[in-house]
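Chemist: After the sequence you'll find the predicted model.
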Amino acid sequence: MRSFTYHNPTKIVFGKGSIAKLAELVPQDQTILLTYGGGSIKRNGVYDQVMAALGERKVLSFGGIEPNPCYETLMQAVALARAEGAGFLLAVGGGSVLDGAKFIAAAVKYEGADPWDILATHAPVTAALPLASVLTLPATGSEMNSGAVISRASTREKFAFGSRYTFPVFSILDPETTFSLPDRQVANGIVDAFIHVSEQYMTYDVNAPLQARQAEAVFMTLIEQAPLVQADPHSYEVRANLMWCATQALNGVISCGVPEDWATHEIGHELTALFGLDHGQTLAIVHPALWRHELSHKLARLAQFGRRVWGIQGLSDAQTAEQAITQTEAFFQSVGVPTRLSQYGIALADCAPIVERFRRRGTKLGEHGSIDAEAVGEILAMCA
C-alpha cells in the first residue's frame, strides 16, 4: 500500500426529515446564497422544506444551474454573491448544483484576473466561501468531496478542479428527496457511482486488500439495488442504499494508498463538452471500451473483479476478464444507459476534435500515463 494522508471534514446528516436540521447547521448571521438547478426542488417540495428550516435568515436564491454547470451561468452567481455580500453557500440539488457551488465559492474569493484559470490552468485556490448541500440526486459523490467539474459553453470545454477549501461543511442526505427523480437520472447516477469506484479500483495491485474489498462491496450493492429501484421506485430502503453507495464511491476512502485511473472521465468530459451527453451516459460509452483497450494492463484486476463481483468461476484470467467486461456493459444497458456512440447518433468521425484536443494538450491518461491521443482515438473507435 502506498503512503497517504486522508482528511475529510464534511459532516453527513442522513435520513428522512433531515432537511429540518438546516435550522441548526446553517449560520444565523450570514447572507445565504441558495443555488439550485432547473426548478424540480420547487415542484417536489424540497425548496419549501429548505426555506422553512432557514427561517428568518437572509436568503438569496439563484436557480438555473445546468446539468453540466456552465461557467457563464456560475459567474452570474459569483456577481450576485459579491454584490450582496453572501457569506455562506447552500447548494440544493444533484452533483451539478454542488459542483457549481464549489466553483462559485472559490471564484468569489479568487483574486486573479479570470476565475476560469482555476479550471483551465489550475490556478491555486487559496480561499473559498463556506458551502453546504442538500442532496437530491445521488450520483457524483460531490456531497462529500472537494472536487467539481465545470463546462464553458463558449469554448465547448469541460475541466475539473478541487481544493481543500471546497469540501462542503456539511451535507444533508434525505433519501425521500429522490423519490420523484426521472428514471434517466436514477440510471445515470447508478452508472456514475459504479464507474467512480472503478476508476479507483481497476488499476493494479499494491497490496491494499481492504480498499479493494470496500470497492467490491460498493459494486455489488449497486448491482443488487439497481433492479430493486426499478421495481419499486418509492422504496425508502433501496433509495437510501443507492444514496449511500454514491457517497462512498467518491469520498476518498477507497482511493487511500492505491493507484487511480480516471481516463474514462477525461474522455467522457470531452463527449459532454462537444455533444451535450449526460455525464453518466458518456461514462457508460467509454468505460467498457477502455477496459478492452487496456486489457493487458488491467487483466489481473479485471479477473479478480469478475470472480469476486460477478461470481464467474472456472475460466482463465483472460476469459474471466472478457466476461466481466461483457456483464458490466450489460448491467449499464439493463438500467437504461446505452453503451455505444451510434445509439446517440454520433459518428466516429464526429469525435476527431476530441483526439486533436488531447494531441494538442499532450495529455497522457490512465494509471500508467500510457494513454495518448492516438490511444484515445482507438478507444473511441471501439465505442462506435
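Modeler: Nice, I can see it.

Chemist: Thought I150 was touching T272, still the case?
Modeler: No: the pair T272 and I150 does not pass the contact test of Cβ atoms under 8 Å, sitting 11.3 Å apart. No exception for glycine: its C-beta is placed from N, CA and C like everyone else's.

Chemist: just the helices in the stretch 51-200 of the chain please.
Modeler: For the stretch 51-200 of the chain, the helices defined by DSSP state H, counting those that start in this stretch cover 71-84, 95-109, 117-120, 183-201.

Chemist: which one of the ones you listed is the most hemmed in?
Modeler: Most buried of the helices of the stretch 51-200 of the chain by mean neighbour count (mean count of other Cβ atoms under 10 Å) is helix 95-109; its value is a mean of 27.

Chemist: who touches the residue lying closest to F194 once chain neighbours are set aside in this structure?
Modeler: Distance criterion Cβ to Cβ, 6 or more residues apart in numbering; nearest residue to F194, sequence neighbours excluded, is L222 at 5.3 Å. Taking Cβ atoms under 8 Å, 6 or more residues apart in numbering, we find L222 in contact with I190, A193, F194, L242, C245.

Chemist: Just name the closest of the residues you listed to G162, please.
Modeler: Set against G162, the nearest of these by Cβ to Cβ is A193 (18.2 Å).

Chemist: What's the separation between that closest one and E216?
Modeler: Distance, A193 to E216, using Cβ to Cβ, to the nearest Å: 14 Å.

Chemist: next one: E266
Modeler: From E266 to E216 the distance is 24 Å (Cβ to Cβ).

Chemist: now swap in I354 and tell me
Modeler: Taking Cβ to Cβ, one finds I354 at 32 Å from E216.

Chemist: which residue ranges form the strands in this protein?
Modeler: For the chain, the strands defined by DSSP state E occupy 11-14, 32-35, 59-62, 88-93, 131-135, 147-152, 157-162, 170-173.

Chemist: Rebuild those strands as a markdown table, extending it with mean neighbour count and distance to E367.
Modeler: Output for the strands of the chain, formatted as a markdown table (neighbours: other Cβ atoms under 10 Å; distance: least, Cβ to Cβ, whole Å):
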| stretch | mean neighbour count | distance to E367 |
| --- | --- | --- |
| strand 11-14 | 16 | 29 |
| strand 32-35 | 25 | 34 |
| strand 59-62 | 18 | 38 |
| strand 88-93 | 27 | 31 |
| strand 131-135 | 27 | 29 |
| strand 147-152 | 24 | 18 |
| strand 157-162 | 19 | 17 |
| strand 170-173 | 24 | 29 |
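
Chemist: Of all those, which one is nearest A330?
Modeler: Taking Cβ to Cβ, strand 147-152 is the member of the strands of the chain nearest to A330, at 27.4 Å.

Chemist: Widest-spaced pair of the contacts of L222?
Modeler: Pairwise over the contacts of L222, using Cβ to Cβ, the maximum falls at F194 and L242, 10.9 Å.

Chemist: Would you map out the domains in the protein?
Modeler: Structural domains annotated on the chain: 11-177, 183-383, as defined by automatic domain parsing.

Chemist: looking at these, which is closest to F4?
Modeler: So among the domains of the chain, domain 183-383 is nearest, using Cβ to Cβ, at 4.6 Å.
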